[in-house]
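*Asks:* take a look and give me a structure for this.
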Amino acid sequence: MTFKSIMTVLTEGTDGMTALPPAMALAQQYDAHLDALALGLDRTQTGYTYGDISALVLETARAAAIQEAEALESQATQVLRGASVRAAIMKAIATTSDITRVVASHARFNDLVVLNQPYGPDAGPDAAAVVEACLFDAGVPTLICPKHITQSTAPRRVVLAWNESAEALAATRAALPILKAAETVFITVIDPPTHGPTRSDPGGPLSQMLARHGVRCEVDVLGKTLPRISDVLNRHVQDKDADMLIMGAYGHSRFREAIFGGATRNMLEGATVPVFMAR
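*Replies:* Below is the predicted model:
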């Protein structure tokens, strides 16, 4: 498997276009087609409003969303002009309550979605909902890029967070093209269980599976020496001078469209390198 269909979503906000350059670099690297979705948002939230809303108000909000999508399309056209990558720009509008459905319907037939970091002072108000739509509703592997990442070349050193979960295994399988091209993959196990079939060899079966794919990997077993797992992983990324982190995406709330699961959100808030996630 490789990545042949890559998508990114462009939204309003200072960081709304920052995922486009790394998405272009990845499309060029894998000889993939890139789709850029210019998403305009209607923020009237009629489902949460009491009383009647006039047709004029609704039409004005819709017109503003269309104008927003067209402005994003124009910016993307300028960035893509002259680039040696096969690409198309799509436009869509959505109400705030309908972002999940609209984004997921466009994302679901792609191999990878590349998005900007959804948290921080410059992130758009709807960036987290876009990430969740791709990961949880479309079920597409997603690469989250901090805003200082302008080119997403093949990572040389990769930290792979491993906890025996189905989500971590799904992320590993989805990331195989990246893992096979890396110089070293650090399978990172934090506080492994003292009971179970792998208690004497944490990460061993996974390293065997990856080795059969030609992945050069080693296992690092760490203690939870910091309050949050995300802090331990981020420190390990720095210690290993890693270029990317791969991990499962976790979310348990029925209202995950608004709020990520704690571990996933904490990781994305503090990430300093691209984070590849799947579930």
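*Asks:* quick one: the helices in the stretch 51-200 of the chain, in order.
*Replies:* Assigned by DSSP state H, counting those that start in this stretch, the helices in the stretch 51-200 of the chain fall at 55-80, 99-107, 127-132, 166-174, 176-181.
*Asks:* can I get the ones you listed in CSV including mean neighbour count, distance to residue 276 and mean pLDDT?
*Replies:* In this view, the C-beta of every residue, glycine as well, is placed from N, C-alpha and C. Output for the helices of the stretch 51-200 of the chain, formatted as CSV (neighbours: other Cβ atoms under 10 Å; distance: least, Cβ to Cβ, whole Å; pLDDT from 0 to 100):
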stretch, mean neighbour count, distance to residue 276, mean pLDDT
helix 55-80, 15, 23, 90
helix 99-107, 20, 15, 96
helix 127-132, 25, 13, 89
helix 166-174, 18, 7, 96
helix 176-181, 18, 7, 96
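*Asks:* a markdown table for those, including distance to residue 208?
*Replies:* Shown next, in a markdown table, are the helices of the stretch 51-200 of the chain (distance: least, Cβ to Cβ, whole Å):
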| stretch | distance to residue 208 |
| --- | --- |
| helix 55-80 | 42 |
| helix 99-107 | 33 |
| helix 127-132 | 32 |
| helix 166-174 | 12 |
| helix 176-181 | 14 |
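*Asks:* go through those and name the closest to residue 209.
*Replies:* helix 166-174 (8.1 Å; Cβ to Cβ).
*Asks:* and residue 18, helix, strand or coil?
*Replies:* Put simply, residue 18 is coil when judged by DSSP: H, G, I helix; E, B strand; the rest coil.
*Asks:* hmm, residue 116 and it touching each other?
*Replies:* Yes: between residue 18 and residue 116 there is a contact under Cβ atoms under 8 Å: 4.5 Å.
*Asks:* please name the nearest non-neighbouring residue to residue 28.
*Replies:* Spatial nearest neighbour of residue 28, excluding adjacent residues (Cβ to Cβ, 6 or more residues apart in numbering): residue 85 at 4.9 Å.
*Asks:* one more: residue 125?
*Replies:* Nearest to residue 125 is residue 13, by Cβ to Cβ, 6+ apart, at 7.3 Å.
*Asks:* where does the one you found land in three-state SS?
*Replies:* coil.
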